[in-house]
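Enquirer: This is a predicted model, with the sequence first.
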Amino acid sequence: MPAILSRGTSSAVKGLRRPAGLLSSRLGPMSAAASSSTKLPKTTLRFTHNTRANALRFPMAGGGGMGVVAQNPSSFGSKPSTTRAHSSATKEATSASSESDSAPKIIELPTNDNNPNLLRIRHTSAHVMAMAVQRLYPDVQVTIGPWVDNGFYYDFYNPKEPFLEADLKKIKKEMERIIKSNLPLRREEVSREEARKRIEAINEPYKLEILDSIKTEPITIYHIGDEWWDLCAGPHVESTGKLPRNAIELQTIAGAYWRGDEKREMLQRIYGTAWENKVQLKAYKDLLKEAKRRDHRVLGQKLDLFSIQEDAGGGLVFWHPKGSTIRRLIEDFWKDLHLKNGYELLYTPHVANLDLWKTSGHFDFYKEGMFDQMDVEGDEYQIKPMNCPFHCLVYKDTLRSYRELPIRWAELGTVYRYERSGTLHGLMRVRGFTQDDAHIFCLPEQLEDELVGVLDLTESILSRFGFDSYEINLSTRPEKSVGSDEIWEKAETALKGALQRKGWDYSVDEGGGAFYGPKIDLKIKDAIGRTWQCSTVQCDFNLPERFDLEYVNNESKRERPIMVHRAIFGSIERFFGILTENVAGDFPVWLAPVQMKLLPVHEDFREYCNEVKKKAQEHGIRVQVDSSMDRLGKQIRNAEMEKVPVVAVVGQKEVDSGELAIRTRKAGDLGSHSVENVLASMDNAVKSGAEIEL
């Protein structure tokens, strides 16, 4: 189980439903950070959206008490009157406000890693589901059926009518009959020849392929009663009666190519979830519901942040003005902090001669994840899938001295990778994305200090966006690798030393490193307990060799530098999706595309609002004046639906006193305050990343 660094708590539902085998291959050093790898919670989940009905009540613009301003929509020529409880305005605003007010409950759910009984329940549930399917549909053939993070699935070949979602209820009822029967599960060891004979007798060709892929002896089979069996290594519960019927549900049907090969048969995958009891099941379903509410694809459309224009092609992101504003703020923060930490910024081309990718090795090892080449005056050019070869060329442009090292270069470089259409998912998995890439070229004795610097910078950046709970994994030398024993030992020692100096707990994946060097992977936890792979720090002994990178040491001899790849966000697009879901679209003041909205209760007060807007813009604050001429209740509701963090109502009292009646999404009504105090408070909130305080 990965170690958890926790100063808060906090996996994704979507990962469960992605057909295995539709994932494209890794594209080298930075691909782990750019992929959409997610896991469901390892320990503690924070979820359950408890709604509180907070009435949107403002200091009365006419003076005295609390209330909202009523405006007669049919009489714009008259001055507004006020009332202590204009029910329609309050009612509309409350319904919009309540969706953002959550008090998450924390509940611990077991995992396959820390609960062997749960793993057995899930594995046996998969077998019982397959048995139920073949009872109901005798012509269906079974393939594979493992347990997964939140349940199980089985892949089926159905030569007749495909399964429909409506069939799941029928299959679940048959499963309950099997569970009620309390049939024993029995393990049997047979020879390869005997297994083949039995499979051929029941005409299950997919099982034959599975058998051929098993390299160990003997072959193990698990039986349910005397009726059904499958090739399986276990483990399972003792009998079907041990399965909790009220804690198992079938969820959905998806497509998956056999063996992940799009040239092979399309199978149907039925997903299910299984827990130890109905309390756990309900908690998990609450998590799914909350995840759906936070879906960045839905929020991106509602808040007008971005779109995927299918007319232009799948997996290509169009940033709308509001989303572009947030992205610019993220990038500016990233650049400023890198410059303060001794990095220099690079900009490199989007295409290069194919020979570059042959030199780097990407074309030989990862070409299935690269777009096709283009002909340029008889030469083949490749749109770039990553940035690191470009940085190697810049390094090689000049012979370096040891005195110049370490060199730290960073780039927000847009790359393009071929992803099958079935794997595309909002911002989480796209075909064009911007990596927050950086490469460090250093001496062996500088490596540990540089790694500590990377981890410090990673923590500074992620914590600014509210992510301060991590899972950390150190992956060491695999069987096949490049580089000497000495350099691998130094690199692994430096990685461990850096983590120890940070005081961070971590898990070790022995032999899990890349062939070119060991690495640290960091997963962040979001507000509802999901973990997301984001940051990665990887040592590379391969590219310096391939590109013949050198420096002159203190004895005037030439040596290879150590190259460190690192990304903190992974990609801007994916991090934006994660961030949007983490805050449920409710961005903090410093990131909100519109930081304050001014709501005039009558047309006569619009001039005052425009004056306030001009002052705010001089402070760099992003302000809008509601131009709808709608009644106040609808203006408030619209601002809430747009998730504007600060709303100011302007009536006669505010105009006369030079004040604003302020309400924030986080703190509610804050009373009337001078324009100067409001803008100063917003300045402080932007600088600190905190909420506005008055």
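Expert: It's in. Residues are numbered from 1 along each chain as shown.
Enquirer: can we go C-alpha only for contacts and neighbour counts from here?
Expert: Fine.
Enquirer: how far does stretch 239-254 stretch from start to finish?
Expert: Using CA to CA, to the nearest Å, the end-to-end distance of stretch 239-254 comes to 29 Å.
Enquirer: contact partners of that stretch?
Expert: Outside stretch 239-254, the residues within contact range by CA atoms under 8 Å, 6 or more residues apart in numbering are 17, 19, 121, 124-125, 128, 163-165, 168-169, 172, 176, 178-185, 224, 237, 268-278, 280-281.
Enquirer: in that stretch, what counts as buried?
Expert: Judged by neighbour count (16 or more other CA atoms under 10 Å), stretch 239-254 contains these buried residues: 239-245, 247-250, 253.
Enquirer: mean confidence for that stretch?
Expert: For stretch 239-254, the mean per-residue pLDDT is 96.
Enquirer: Then stretch 475-485?
Expert: Mean predicted lDDT for stretch 475-485 stands at 86.
Enquirer: Give me the distance between that stretch and the centre of its chain.
Expert: Put simply, stretch 475-485 sits 29 Å off its chain's centre (CA atoms, centre = their mean, to the nearest Å).
Enquirer: Restricted to strands, list the buried residues of stretch 239-254.
Expert: Judged by DSSP state E, strands contain the following of those: 248-250, 253.
Enquirer: now those residues in CSV, with distance to V650?
Expert: CSV is the format used below for these (distance: CA to CA, whole Å):
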residue, distance to V650
I248, 55
E249, 53
L250, 53
I253, 53
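Enquirer: host element of the residue nearest the centre of the chain?
Expert: Geometric centre of the chain, nearest residue: I578, 4.3 Å, by CA atoms, centre = their mean. In the assignment (DSSP states H and E), I578 maps to helix 572-582.
Enquirer: So which elements touch the helix or strand just after that helix?
Expert: Remark: after helix 572-582, the chain's next helix or strand is strand 596-600, criterion DSSP H and E. Strand 596-600 sits against helix 606-618, strand 623-625, helix 632-641, strand 646-650, with contacts defined as 3 or more CA pairs under 8 Å, 6 or more residues apart in numbering; DSSP states H and E.
Enquirer: For V675, which of these is the nearest?
Expert: helix 606-618 (7.3 Å; CA to CA).
Enquirer: got the angle between that closest one and strand 596-600?
Expert: Relative orientation of helix 606-618 versus strand 596-600 (axes from the mean of the first three to the mean of the last three CA atoms, to 10 degrees): 170 degrees.
Enquirer: residues making contact with helix 606-618?
Expert: Here helix 606-618 makes contact (CA under 8 Å, 6+ apart) with 598-600, 622-625, 650, 655, 675, 679.
Enquirer: hmm, try it at 10 Å
Expert: Applying CA atoms under 10 Å, 6 or more residues apart in numbering, the contact partners of helix 606-618 are 596-600, 619-627, 648-651, 654-655, 658-660, 675-676, 678-680, 682-683.
Enquirer: Equivalent analysis for stretch 221-228, please.
Expert: Here stretch 221-228 makes contact (CA under 10 Å, 6+ apart) with 124, 127-128, 130-132, 134-135, 178, 181-190, 195, 229-236, 238-240.
Enquirer: Need the buried ones from those selected in ChimeraX.
Expert: In ChimeraX syntax, the buried subset of the contacts of stretch 221-228 is picked out as below (16+ other CA under 10 Å):
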select :124,127,128,130,131,132,134,135,178,182,183,184,185,186,187,195,229,230,231,232,235,236,238,239,240
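Enquirer: Which of the contacts of stretch 221-228 fall in helices?
Expert: Among the contacts of stretch 221-228, the ones falling in helices (DSSP state H) are 124, 127-128, 130-132, 134-135, 178, 195.
Enquirer: farthest pair in those residues?
Expert: Across those, the longest distance by CA to CA is 24.8 Å; it joins I178 and A195.
Enquirer: isn't I121 right next to G272, touching?
Expert: No: the criterion here is CA atoms under 10 Å, and I121 misses it with G272 at 11.7 Å.
Enquirer: what touches both of the two?
Expert: Common neighbours of I121 and G272, using CA under 10 Å, 6+ apart, are 147, 151-152, 248.
Enquirer: Report the two of these separated the most.
Expert: Greatest spatial distance in the shared contacts of I121 and G272: W147 and I248, 12.9 Å, computed using CA to CA.
Enquirer: Could you list every helix and strand that the strand or helix carrying S460 packs against?
Expert: Using DSSP H and E, S460 falls within helix 447-464. In terms of contacts (3 or more CA pairs under 10 Å, 6 or more residues apart in numbering; DSSP states H and E), helix 447-464 is packed against helix 321-340, strand 432-442, helix 485-502, strand 519-525, strand 531-540, strand 562-567.
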